[in-house]
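Q: fold the following, please.
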Amino acid sequence: MKKLNLTDKRNPDYFYSEAIKTLRTNIQLSGQSIKTILVTSCYPNEGKSDIVLSLAQELGSIGKKVLLLDADIRKTAYAGRLGVEEEVKGLSQLLSGQVGLQEVIYSTNFPNMDIIFGGPSAPNPSGLLSENIFKVFLKEIREYYNYILIDTPPIGTVIDAAVIGRCCDGAVFLIEPGNVRYRDAQKAFKQLERSGCRILGAVMNKIDTSDDKYYSSYYKHYGEYYRRSDEEAQIK
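A: Now for the predicted structure:
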């Protein structure tokens with residue numbers, strides 16, 4: 001396994017760091033059987049990849065063996081984001097049979113964190129992800145990690161996250177209040193639920209905490225949605 005020295009130029013403040021710690025704790029409390037976790041959003045540019053990277057680093061910092069898997073094989077961004085200048089292999093090449101598993105897993109200078117990049121853009125991403133090879137691949141690597149965090153394309157724009165959800169233990173849904181309408185988010189939630197993937201919870205990002213009224217409105221909407229979902233699950 002090749003090692004990469006990654007560069008994270010972000011400088012998160014105290015409140016962001018504490019929020020990531022809270023998210024990490026909630027993930028751990030979801031149960032030991034929850035290992036493969038996809039993270040998606042409704043639209044692009046809601047801060048999803050930042051959250052995934054921060055959560056992976058946080059889990060690694062407490063001794064958990066973590067794999068960050070970039071499953072956005074339409075528009076991968078991690079190599080550039082993390083200052084990788086050399087050519088790296090990725091998920092799209094693995095799924096298309098161009099390379100083997102050991103060629104796409106990179107160890108990093110971040111404690112206990114490995115990474116698989118998305119690779120070159122694929123002509124039929126959802127088709128590749130639907131193949132049995134992806135399911136077999138996840139089943140094989142889960143034995144080596146405490147957590148596999150899967151960064152997927154926004155479920156409100158493409159179907160990839162729902163396809164990946166069939167192979168995952170749980171999902172975290174990222175929402176940017178003010179950028180995402182409640183009805184659009186609700187539609188995306190239901191699409192993910194239909195994949196059979198357990199939704200672990202929602203993370204609200206880029207919140208203006210000074211606007212209590214606005215925040216409370218979003219909390220009320222999504223709280224009601226979760227209560228209805230729980231009641232439906234109990235009825236079934």
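Q: look up how far Arg181 lies from the residue nearest the centre of the chain.
A: When the chain is reduced to its mean C-alpha position, the nearest residue by C-alpha atoms, centre = their mean turns out to be Val39, at 2.5 Å. As for Val39, its distance to Arg181 is 20 Å (criterion: C-beta to C-beta, to the nearest Å). Placement of C-beta: from N, CA and C, glycine included.
Q: likewise Met204?
A: 14 Å.
Q: more neighbours, those two?
A: Counted by other C-beta atoms under 10 Å, Met204 and Arg181 do not tie: Met204 has more neighbours, with 17 against 11.
Q: quick check: closest non-adjacent residue to that one.
A: Nearest non-adjacent residue to Met204, counting by C-beta to C-beta, 6 or more residues apart in numbering: Ile175, 5.3 Å away.
Q: that neighbour and Ser96, how far apart?
A: As defined by C-beta to C-beta, Ile175 lies at a distance of 33 Å from Ser96.
Q: between those two, who's got more neighbours?
A: Counted by other C-beta under 10 Å, Ile175 and Ser96 do not tie: Ile175 has more neighbours, with 24 against 17.
Q: sorry, back to before: for the residue nearest to Met204, what are its contacts?
A: Contact analysis of Ile175 by C-beta atoms under 8 Å, 6 or more residues apart in numbering lists Ser41, Cys42, Glu46, Ala185, Ala202, Val203, Met204, Asn205, Tyr218, Tyr222.
Q: mind putting the residues you listed in TSV, pLDDT, distance to Ile20 and secondary structure included?
A: Supplementary listing: those in TSV, determined by pLDDT from 0 to 100; distance: C-beta to C-beta, whole Å; DSSP: H, G, I helix; E, B strand; the rest coil:
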residue	pLDDT	distance to Ile20	secondary structure
Ser41	92	16	strand
Cys42	90	21	coil
Glu46	87	16	coil
Ala185	85	22	helix
Ala202	88	15	strand
Val203	90	10	strand
Met204	87	13	strand
Asn205	83	11	coil
Tyr218	48	20	helix
Tyr222	48	20	helix
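Q: quick one, helices of the chain?
A: Secondary structure of the chain (DSSP state H): helices at 14-28, 48-61, 78-81, 91-95, 125-130, 132-141, 160-165, 182-194, 212-235.
Q: tell me the buried residues in the shortest one?
A: Spelled out, that is helix 78-81. Going by neighbour count (16 or more other C-beta atoms under 10 Å), the buried part of helix 78-81 is Tyr78, Ala79, Arg81.
Q: wait, the first one sits on Ser49?
A: Yes. Between Tyr78 and Ser49 a contact is recorded at 7.1 Å, counting by C-beta atoms under 8 Å.
Q: anything in contact with each of these two?
A: Shared contacts of Tyr78 and Ser49, counting by C-beta under 8 Å, 6+ apart, come down to Asp151.
Q: what's the neighbour count on Asn5?
A: The number of residues near Asn5, taken as other C-beta under 10 Å, comes to 10.
Q: how about the contacts made by it?
A: Each residue near Asn5 by C-beta under 8 Å, 6+ apart is listed here: Thr108, Asn109.
Q: residue contacts, the closest residue to Gly118 other than its chain neighbours?
A: Take Gly118 and drop its neighbours on the chain: the residue closest to it by C-beta to C-beta, 6+ apart is Thr76, 2.8 Å away. Taking C-beta under 8 Å, 6+ apart as the definition of contact, the neighbours of Thr76 are Asp70, Gly90, Phe117, Gly118, Gly119, Ser121.
Q: against Ala79, how distant is the closest residue in space to Pro120 that isn't next to it in sequence?
A: Beyond its immediate neighbours in the sequence, the residue positioned closest to Pro120 (C-beta to C-beta, 6+ apart) is Ser92, lying 5.7 Å away. With distances defined as C-beta to C-beta, the gap from Ser92 to Ala79 amounts to 13 Å.
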